[in-house]
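Colleague: Prediction below, plus the sequence it came from.
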Amino acid sequence: MPEPVPPTPPSPEPGQESSREASSLRDLTPQQWKAGLAAWLGWLFDGLDMHLYTIVAAPFVAQLLHAASPADPEVRQKSSLIQAAFLVGWALGGGFFGRLGDLLGRSRALSLTILTYASFTGLSFFAQTWWQLLIFRFLAALGIGGEWAVGASLLSETWPRRWRPWIAAVLQTGVNLGVLLACGVTYLLAEQPKRYVFLAGVLPALLVWWIRRNVPEPEEWSAARNRAGEAQPGALDLFRAGVRRTTLLTITVCACSLSAWWAFMFWINQHLRNLPELSSWTIEARERFVSTGFFVIISVSMAGNFFGGWLARWLGYRRGVALMFVGFFASMFGAFCVPRGHSELMVWVAAVGFFSGVFGLFTMYLPPLFPTLLRTTGAGFCYNIGRIAAAGGTVFFGLFSQVGDFRRALLYASVLFLPALLVALWLPDRRDA
């Protein structure tokens, strides 16, 4: 495929070079360590609050609806609507807090995102109806969506450029560990009412106080803001000449890949829970199997994060992303093209988890594609607007499933990685060496 000439990336700005001089961990400044810790912990708790609901969705919504079984069609419908609202909130939060990150600063915006998702995840404990849970999940998602863009930009502006692929892997591992923490919470509370798991989501609020006292704004952002004065770019500048092409390509890649991934993340628990061979198991045994399956997927994905980082160092971000999409499609299609038993299926879904490491690459690849004062706006908008499509996809692909059987929905969702792969090849190529 012919390679179009990408827009000229913004030239380094004052403060940017100084953050890239370190050649070893010993050379990092206290500011860099604090920024890294704040972003990593933000992502850890992001993963926790993000997935508490997906693990307990069916049984908890069944309780709220007073349904006889989590496999009830109404439970499927309402739980998918709640997840769709969460993804819409994630997209809107990415745009809103991304804009705040450019206007107010990375550290301030990061604190606000964490406080938002921690508060409303905790309030989900008090939901008495499915629509109350929908509202709380939507509001929590505003903060979760914003945290991605702000945290990624904070790291890209403070840590050495040549380390970006590995920083991306470490950041994504924070999310993975947060998801594992969610698995651990639901596993330990398997015999308790499902609403109790949301209380664990309040813990991230404790991080906000430390961030505001210890994490200064990056020099690069401060310098760019001082130079711009009152003439700071607006959100619509994402669609001006020189930036518009990157914006549209990135939205397309994120919309397709995230729709497929979130269809998998949401429906895989329901599919595992309702495998025919598990019908004779006790409820507690089935829930522990689902938690174990999720644990396997996320554990393997940590290796995928570093594999993706290695590909980016070897081939560049664009080709690395494209190759990860190839693996993503092959493993997800293979998992659901034919009915599989629970042991065999677990091997395939572990492979899906491995190639989800591609999303770690997005964290360091996307923000530098945009000018400094549009960085969190651009990354937050483009990455998270894809969740609007993912929200529709969660409901849409669920319509193809029979009661308790989500194999066909997951099979169709896997095809979305093909257009994501093709469009990714037209993204600007960046190599951090």
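Modeller: Now that the structure is in, tell me what you want to look at.
Colleague: any low-confidence regions in the chain?
Modeller: For the chain, the stretches with pLDDT under 70 are 1-22, 230, 386-387, 389-405, 430-433.
Colleague: Most distant residue from the centre of it?
Modeller: Farthest-out residue of the chain from its mean C-alpha position, per Cα atoms, centre = their mean: residue 280, at 34.9 Å.
Colleague: That one in helix, strand or coil?
Modeller: When classified by DSSP: H, G, I helix; E, B strand; the rest coil, residue 280 comes out as coil.
Colleague: Over to it: give its phi and psi.
Modeller: Backbone geometry at residue 280, expressed as degrees, to the nearest 10, gives phi -90, psi 0.
Colleague: ok, it to residue 286 distance?
Modeller: Per Cβ to Cβ, to the nearest Å, residue 280 is found 10 Å from residue 286. Quick note: C-beta positions are derived from backbone N, CA and C, even for glycine.
Colleague: Which stretches in the stretch 201-350 of the chain count as helices?
Modeller: Taking DSSP state H, counting those that start in this stretch, the helices of the stretch 201-350 of the chain run over residues 205-214, 219-228, 244-273, 283-315, 317-336, 342-355.
Colleague: for those helices, which one sits closest to residue 186?
Modeller: Closest to residue 186 of the helices of the stretch 201-350 of the chain is helix 283-315 (Cβ to Cβ; 5.5 Å).
Colleague: Tell me the buried residues in the helix or strand in which residue 81 is found?
Modeller: Residue 81 belongs to helix 73-104 when assigned by DSSP states H and E. For helix 73-104, a neighbour-count test (16 or more other Cβ atoms under 10 Å) marks 75-102, 104 as buried.
Colleague: list the buried ones in stretch 146-164?
Modeller: Across stretch 146-164, burial judged by 16+ other Cβ under 10 Å covers 146-161, 163-164.
Colleague: now for the helix holding residue 81, which elements pack on it?
Modeller: helix 30-65, helix 106-123, helix 130-156, helix 244-273, helix 375-398 (3 or more Cβ pairs under 8 Å, 6 or more residues apart in numbering; DSSP states H and E).
Colleague: Dump these to a markdown table, plus distance to residue 340.
Modeller: A markdown table is the format used below for those (distance: least, Cβ to Cβ, whole Å):
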| stretch | distance to residue 340 |
| --- | --- |
| helix 30-65 | 21 |
| helix 106-123 | 34 |
| helix 130-156 | 31 |
| helix 244-273 | 10 |
| helix 375-398 | 18 |
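Colleague: Show me the one of those that comes nearest residue 316.
Modeller: Closest among the helices and strands packed on helix 73-104, once you apply Cβ to Cβ, is helix 244-273, at 15.2 Å.
Colleague: and the angle for that closest one with helix 30-65?
Modeller: Relative orientation of helix 244-273 versus helix 30-65 (axes from the mean of the first three to the mean of the last three Cα atoms, to 10 degrees): 50 degrees.
Colleague: If I take helix 244-273 and helix 342-355, what angle do their directions form?
Modeller: Interaxial angle of helix 244-273 relative to helix 342-355 (the same axes, to 10 degrees): 160 degrees.
Colleague: next one: helix 244-273 to chain centre, how far?
Modeller: Relative to its chain's centre, helix 244-273 lies at 10 Å (Cα atoms, centre = their mean, to the nearest Å).
Colleague: Tell me which residues of that helix come out buried.
Modeller: For helix 244-273, a neighbour-count test (16+ other Cβ under 10 Å) marks 245-247, 249-273 as buried.
Colleague: Could you check the angle it makes with helix 73-104?
Modeller: Interaxial angle of helix 244-273 relative to helix 73-104 (the same axes, to 10 degrees): 150 degrees.
Colleague: Is residue 123 in contact with residue 138, as I believe?
Modeller: No - the pair residue 123 and residue 138 does not pass the contact test of Cβ atoms under 8 Å, sitting 11.6 Å apart.
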